[in-house]
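> Give me a 3D structure for the following:
(one chain, ligands or ions: 1)
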Amino acid sequence: MQTEPTVIIGAGPAGCSAAITLARSGARVALVDKATFPRDKICGDGLTTSALRELEALGFRPDGVPSWTPVDDVVVRSPSGNSVRFPLPRDRSLHAVVARREQLDAALLDHARTFDIEVIEGEGIAELERTSHGVAVTTSTGRRIDAGYVVAADGMWSPTRKLAGDVLPKYRGDWHAFRQYFTGVTGPAATELWVSFEADILPGYFWSFPLGDGRANVGFGIMRHDGVAPGNKLSRVPDMARTWPALLERPHIRELLGPDATPESPHRAWPIPARIGGPALTGDRVLYVGDAAAVGDPLTGEGIGQALITGRLAAESILGTAHHPAGRGAEAAYEAAARASLVADHRMSVTLSRALTHRKGARAAIALAGLSGWTRRNFARWLFEDYPRALLATPRRWRRGMFTPDGAYDRHPETDPKEPAGQRS
Ligand SMILES: Cc1cc2nc3c(=O)[nH]c(=O)nc-3n(C[C@H](O)[C@H](O)[C@H](O)COP(=O)(O)OP(=O)(O)OC[C@H]3O[C@@H](n4cnc5c(N)ncnc54)[C@H](O)[C@@H]3O)c2cc1C
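Model prediction:
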């Protein structure tokens, strides 16, 4: 086994997933983040079934996340104003949850601390140097750590990628999204998860995700058009800062939030990278995961599940090649695993997002998804990544019961604590 530790830069979902997977197998790990947790992360706070399954598999328990809000239905509003309710399964497991990232990420890092992981907060990566045995990381305080591999889990603007010289020129993400927390929410948004396809921001969308206690995470995301920034005169997409207050004034959105809804804090914006294989997935002794690898979903902009998956895959690749005499090979193993796991679904999402570019396409897609009870149930599961986006097109992933798997966690653990998720009939 390689003796050098793996250094993971970034302790968000991707970094924690990699760190826990490595540490559970007895590998040495240092987990470095420039922030001190709890720290905010601009996000919609929505956890898909896939993300929930990954969290559960890491042994993470949500008890330390006060805002953990399970969701049963997704309500989608089409540009014509027609709303369709898509029900998620009512079995004993969870298929969608909303949880404030500030709390979720801090709790996940606390879970990582229960393993033999050296957690270093408040220090950013400052230097990266190739050594004869691997790679050396120097942090902003001058601390040097010699590593076999570096896992770069440091988000959209990945400083590790810059230091390694693997930057994709002019890349600024594929989505740009605004988020604002609201309190005093008394309309349907207090308890329901809403997605609204507003005609002027297509193929983007407005969302309101419930956080319990009269709170909601409200925001909107738009796709960048061929690298052109929103608001630029070459872009079809309007200036986001001007669009945001105008969206909040729309009667159906006011009704959704209720008359007493007030912002808790100013809105904040951040890009979402969703272009797997665009920016390199690996460098020399460096594996990029999560937003640093641009693995978000091009259709919805969701990236937490993909961050957890790629963190795990990077760790498994390092573990799987640890006995190689020169300790090499994790780069190729990770590239292959990440592509096999995510590329087909990415392509499917890109194709479908084209249909949502215009009002007619969005209307037709929502009408089709809402045709019958069967289409509504399956659309909800598909949207929330209960099964992979391109499952039908990838026979290698077909399994018995693939359309009816359990979600994650036990919805009512107190009533039957001995029965873990995944073993229910
Ligand atoms: C507005 C918005 C809404 C979104 N909504 C959703 C949603 O509802 N559901 C969903 O699944 N996804 C959503 N996403 C995407 C999701 O937030 C990301 O895909 C996800 O956070 C990626 O996780 P990560 O671990 O790769 O990176 P991050 O969560 O960004 O973590 C990166 C970490 O790296 C650290 N770091 C940065 N620089 C350095 C440095 N120099 N040295 C050390 N550490 C460093 C940061 O402090 C941070 O802790 C949304 C994104 C946006 C912008």
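
> what about the spatially closest residue to residue 76 that is not a sequence neighbour, how many neighbours?
Excluding the flanking residues, the one nearest residue 76 by C-beta to C-beta, 6 or more residues apart in numbering is residue 195, at 5.0 Å. To be clear about C-beta, it is placed using only N, CA and C from the backbone, and glycine gets the same treatment. Neighbourhood size, residue 195 [other C-beta atoms under 10 Å]: 20.

> Repeat that for residue 138.
When neighbours are defined as other C-beta under 10 Å, residue 138 has 16 of them.

> That one: what secondary structure?
Put simply, residue 138 is strand when judged by DSSP: H, G, I helix; E, B strand; the rest coil.

> could you say which helix or strand contains residue 103?
Following DSSP states H and E, one finds residue 103 within helix 101-113.

> How about the next helix-or-strand element following that helix and the ligand, touching?
As assigned by DSSP H and E, the chain's next helix or strand after helix 101-113 is strand 117-121. No: against the ligand, strand 117-121 shows no contacts by C-beta under 6 Å from any ligand atom, the least distance being 8.9 Å.

> Next, the angle helix 101-113 makes with strand 117-121.
140 degrees (axes from the mean of the first three to the mean of the last three C-alpha atoms, to 10 degrees).

> so what secondary structure elements neighbour strand 117-121?
Counting contacts by 3 or more C-beta pairs under 8 Å, 6 or more residues apart in numbering; DSSP states H and E, strand 117-121 packs against helix 13-24, strand 29-33, helix 101-113.

> Now do the strands in the stretch 251-400 of the chain.
262-263, 268-272, 282-283, 286-288 (DSSP state E, counting those that start in this stretch).

> Repeat that for the stretch 101-250 of the chain.
For the stretch 101-250 of the chain, the strands defined by DSSP E, counting those that start in this stretch cover 117-121, 125-130, 135-139, 144-147, 149-152, 175-183, 193-196, 205-212, 215-223.

> ranking those strands by burial, who's on top?
Of all the strands of the stretch 101-250 of the chain, strand 149-152 carries the top mean neighbour count, a mean of 31, counting by mean count of other C-beta atoms under 10 Å.

> so what secondary structure elements neighbour that one?
Strand 149-152 sits against strand 6-9, strand 135-139, helix 159-164, strand 286-288, helix 304-320, with contacts defined as 3+ C-beta pairs under 8 Å, 6+ apart.

> partners of it, with directions?
Sheet pairing of strand 149-152 (DSSP bridges) gives strand 6-9 (parallel), strand 286-288 (parallel).

> residues of the last one that come out buried?
Read it as strand 286-288. 286, 287, 288 (16 or more other C-beta atoms under 10 Å).

> which residues are in contact with that strand?
Surrounding strand 286-288, the residues in contact under the criterion C-beta atoms under 8 Å, 6 or more residues apart in numbering are 128, 135, 149-152, 158, 160-161, 164, 166, 279-282, 314, 317-318, 330-331, 334.

> Just want the angle from the helix holding residue 103 to strand 175-183.
Comparing the axes of helix 101-113 and strand 175-183 via the same axes, to 10 degrees yields an angle of 100 degrees.

> Please work out which residues outside helix 101-113 touch it.
Contacts with helix 101-113, where a contact means C-beta under 8 Å, 6+ apart, come from 11-13, 16, 19-20, 23, 31, 37-41, 43, 45, 47, 55, 58-62, 64-68, 119.

> again with stretch 253-272
Stretch 253-272 is contacted from outside by 40, 42, 156, 172-190, 194, 196, 206, 208, 215-216, 218-219, 221, 224, 240, 244, 247-248, 291, 296, 301, 303, using C-beta under 8 Å, 6+ apart.

> what does the chain put close to the ligand?
Listed as neighbours of the ligand in the chain under the rule C-beta under 6 Å from any ligand atom: 9-15, 32-35, 41-46, 51, 124-125, 153-155, 159, 177, 179, 219, 270, 272, 290-292, 296, 301-305, 307.

> And the pLDDT at residue 231?
The model reports residue 231 with a pLDDT of 52.

> now do residue 227
On the pLDDT scale, residue 227 is placed at 50.

> Also residue 348?
With respect to pLDDT, residue 348 scores 78.

> separation between it and residue 52?
Using C-beta to C-beta, to the nearest Å, residue 348 is found at 21 Å from residue 52.

> Which of the two has more residues huddled nearby?
Neighbour count, other C-beta under 10 Å: between residue 348 and residue 52, residue 52 has more, with 29 against 20.

> How about that one: what's its closest non-neighbour residue?
Computed as C-beta to C-beta, 6+ apart, the closest residue to residue 52 that is not its neighbour in sequence is residue 408, at 3.6 Å.

> Wait, that neighbour touches residue 53, no?
Yes: counting by C-beta atoms under 8 Å, residue 53 is a contact partner of residue 408 at 4.5 Å.

> So residue 208 sits against residue 193, correct?
Yes: between residue 208 and residue 193 there is a contact at 7.4 Å, judged by C-beta under 8 Å.

> Name the residues of the longest helix along the chain that come out as buried.
Longest helix in the chain, counting residues (DSSP state H): helix 330-355. For helix 330-355, a neighbour-count test (16+ other C-beta under 10 Å) marks 330-331, 333-335, 337-338, 341-342, 344-346, 348-349, 352-353 as buried.

> quick one: average pLDDT of stretch 184-202?
Averaged over stretch 184-202, pLDDT sits at 95.

> Now the terminal residues of it, how far apart.
End-to-end distance of stretch 184-202 (C-alpha to C-alpha, to the nearest Å): 29 Å.

> Give the buried residues for that stretch.
184-185, 187-190, 192-198, 201-202.

> what do you get for stretch 9-24?
9-24.

> same check, this time on stretch 402-411
Across stretch 402-411, burial judged by 16+ other C-beta under 10 Å covers 405, 406, 407, 408, 409, 410, 411.

> again with stretch 361-378
Neighbour-count burial for stretch 361-378, counted by 16+ other C-beta under 10 Å, picks out 361, 362, 363, 365, 366, 369, 370, 375, 376, 378.

> ok so, going back, which of the strands of the stretch 251-400 of the chain sits most buried?
Comparing those by mean neighbour count (mean count of other C-beta under 10 Å), strand 286-288 ranks first with a mean of 29.
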